[in-house]
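A.B. asks: Build me a model from this:
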Amino acid sequence: MTDPNISITSDEGHAGHPNKRPRIGNVAGSGTASQRFFNTPELVSNVLPHLSKDRIDLLALSLVSKSLRAQALKVWVRQLDVSVAHAKRLLNFFKDNSTLLEHVRYFRLQHDHEYWHPYALTPVNRRCECDWYSLNELIQMLACRSTSAGMSKLPLIDLRIYDCDLLCLPAVLSQQVVALSIRHMQLMNYSVEIDSSERRSDSNSDSYSDSYSDSYSDSYSDRDSDRDSNSDSNSNSNSNSNSNSNNNSNSNSNSNHDRDHDSDHDSDHDSDRDRTSTEGATVQTPLSRLTFDKLADILQKARQGPGLCSFGLDLNGSEPDPSTLQQMWDQVVQHAPTLRYLTLELDWLDFPTVLSTTTFDHIEEFFLGNTQYASAVERFLDGAENLRALIILAGTEGPISSQWRWRQLSLRQTFSHLRHVAFEGLKLDSDRLKSFATRHPNVVDLLGGDRISTEDSAMRFSRESSSSLEFYPNLAHIKIESPAQLATHLDAGRSFAAISLPPGADMDRCLLLLHSKSRAAERLTSLELRGNWRSTDTYFSQLLPLLSSQHFPNMAELNLYRPTSRDRDYDNAPFLEVGIGRLMTALTCARSLKVLEIIELVDELGEEDALREHEFPPALEYFILRPSWPDGPKYFRFVPSHPEARTEPTESGGKRGRLQRVPAIFRERITREGVWHQPLSKIRTETVLDHLDDPPNLSLG
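C.D. replies: Residues are numbered from 1 along each chain as shown. The predicted model follows:
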């Protein structure tokens, strides 16, 4: 999303002249045009969601010239996403640029463990006490600065935390909480470390995300001649060096990472010298932990502001004190007039009676996992008529009594706006499910498990069965088990936006069947191939040509999954970088391909750039590398070799450039109520693009 009037020097130029900033392009008045853009609130407001797709572009733009820096950073800080791991760097940045705090409009705090969802940073298991001190200091600065600028300047707050976190939220910000997601954790399983060697190990395990954090915090404290002459000389020196490293961050962030963290460790321990700490030891932190009482107090204060729009509770296998839990439920129902998203993982506790006796007129998405007493859930659904997504996972590991109770669920309700459904572990009779499906023909996705159990073992009411399609005629996502099954659907005139072909589905025949139906081939925008192949050569020579735009003109996302096979006839060798390069070249025939993902059996690519000066599909934007669990995914975006010039197509119609490592792919959108919302993230299909829209795009509002 780079400004066409701005040209960035090549990486080689940055390396050769580390003290030079990127150049303004030769277009006359380019700087003035950019200034006019940033000084026009209407333009900024409309374009901001698109810039958020690649937030790194805003940061790069702020380095182009001194005249653009203030405007670009004001736009960047409007959506402030903070993790505990990176609080120290953000704190340093805002200490040097405190006036930017009054421009924060949306603030999200995520505990690092929340990064487990598919399209975010790799998680970090433990964090130091000093991270929490930095985070709380940053929050206090935000509260003071925003309050001094006027109550209307207070940001909307989205909290995703554990109930034992060391968060201190000022009352003035508690009033601005619009989303609260809590995960209950037993204290015996949660420790706060102040071991510097452990911290260093954690930092190295997440080296890219931390070095990326360097690029967006420390480097933008850069002092130029237009900065206040009273700035500290040492700060000047440090920030200038950081700015130099950031100009070449894509190629050098790892080389600077260890040095930066060495200084961070020293400064962290210096700043905490008044606190009791022993290197190499685990001690009880003096900060007070969040408790259910304090969380209920946040809920109460939130009623004085815009009101809570999203609430989530995951009991995580442990039961809190019933009286304090009831206190929280009493506060949640007070937000019924504003609540839109409700997620409950109750770990076989009873569904709260107070929720079943309250009408939630505005609930749009309801996720319920592992609870008892279907009759209470039924009464809750009676008062939630505007649901767009209904997900109930009763599970199969709970008490027998609970499974029996779920048979009493009548599904008598009709939700006129319902589009997403998932029932798992509910042993209901098939007639009840058929009746529910008949009343909801606009459902586009059967989320969650592949099958919905019924009392009739011969009746498998599943995502891929013809029965489900008979009653849900507008399904957009489907999982195909065999060519015969696909042929049945196609002969009935059905088409789908996203298709998954699991192992054993005979991918070649399925793809040829899709070729034969032009309407189905044109509608397909996402394809997931989850099969083995006997040799890589066969895969490249026979399968990939079937994916060309000649056959699938609108295919925007491709997921290649290779499960391991014990059969020696199958190729289990991991993809090397050269193999990925060969794959990119072969896929130049897929003209509309925007996102490519490879899962399993992939060797590590470089920590930063990969496949320099290589050929890629002409529309490619993102590449995701997802190794075996527990390794986190890596994300890359395509960067052209010469962004300042028009890219000439290669002989095969592709484009030339490189893959640049980015910390995450942002699929969330911020609702008008201020909730950082990842639609149906608990259970939706793991695609980067939203394939329910036409054309498919990132879920950005």
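
A.B. asks: okay, now the domains of the protein?
C.D. replies: Split into domains by automatic domain parsing, the chain comes to 11-132+188-271, 476-701.

A.B. asks: Go through those domains and find the least confident stretch.
C.D. replies: Out of the domains of the chain, domain 11-132+188-271 stands lowest, with a mean of 54 (criterion: mean pLDDT).

A.B. asks: What is the helix or strand where residue 380 lies packed up against?
C.D. replies: In the assignment (DSSP states H and E), residue 380 maps to helix 374-382. Here helix 374-382 touches helix 353-356, strand 365-372, helix 400-406, going by 3 or more C-beta pairs under 8 Å, 6 or more residues apart in numbering; DSSP states H and E. C-beta coordinates here come from the backbone N, C-alpha and C atoms, glycine included.

A.B. asks: model confidence over the shortest one, on average?
C.D. replies: In this case it means helix 353-356. For helix 353-356, the mean pLDDT works out to 90.

A.B. asks: So which bits of the host helix or strand of residue 637 are buried?
C.D. replies: Assigned by DSSP H and E, residue 637 belongs to strand 634-640. By 16 or more other C-beta atoms under 10 Å, the buried positions in strand 634-640 come out as 634-639.

A.B. asks: Output these as CSV; include the columns distance to residue 173.
C.D. replies: Below are those laid out as CSV (distance: C-beta to C-beta, whole Å):
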residue, distance to residue 173
634, 34
635, 31
636, 36
637, 34
638, 39
639, 38
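
A.B. asks: returning to what we had before: the strand holding residue 637 pairs with which strands?
C.D. replies: Paired with strand 634-640 in the same sheet, following DSSP bridges, are strand 622-626 (antiparallel), strand 655-662 (antiparallel).

A.B. asks: ok now do the nearest residue to residue 380 once chain neighbours are set aside, which residues does it touch?
C.D. replies: Counting by C-beta to C-beta, 6 or more residues apart in numbering, the nearest residue to residue 380 once its immediate chain neighbours are dropped is residue 356, at 4.6 Å. For residue 356, the contacting residues are 376-377, 379-380, by C-beta atoms under 8 Å, 6 or more residues apart in numbering.

A.B. asks: which one of these sits closest to residue 584?
C.D. replies: residue 377 (48.5 Å; C-beta to C-beta).

A.B. asks: I figured the closest one was touching residue 392, is that so?
C.D. replies: Yes: with contacts defined as C-beta atoms under 8 Å, residue 377 counts as touching residue 392 at a distance of 7.2 Å.

A.B. asks: So for those two, which residues contact both of them?
C.D. replies: residue 368.

A.B. asks: In contact with the closest residue to residue 652 other than its chain neighbours, which residues?
C.D. replies: With sequence-adjacent residues excluded and distances taken as C-beta to C-beta, 6+ apart, residue 652 is closest to residue 588, at 4.6 Å. By C-beta under 8 Å, 6+ apart, the contact set of residue 588 is 615-618, 650, 652-654.

A.B. asks: hmm, 6 Å instead?
C.D. replies: The neighbourhood of residue 588, defined by C-beta atoms under 6 Å, 6 or more residues apart in numbering, consists of 617, 652-654.

A.B. asks: Farthest pair within those?
C.D. replies: With C-beta to C-beta as the measure, no two of the contacts of residue 588 lie farther apart than 617 and 652, at 9.8 Å.

A.B. asks: For the two, work out which one has more neighbours and name it.
C.D. replies: Neighbour count, other C-beta atoms under 10 Å: between residue 617 and residue 652, residue 617 has more, with 26 against 12.

A.B. asks: Thanks again, I'm all set now.
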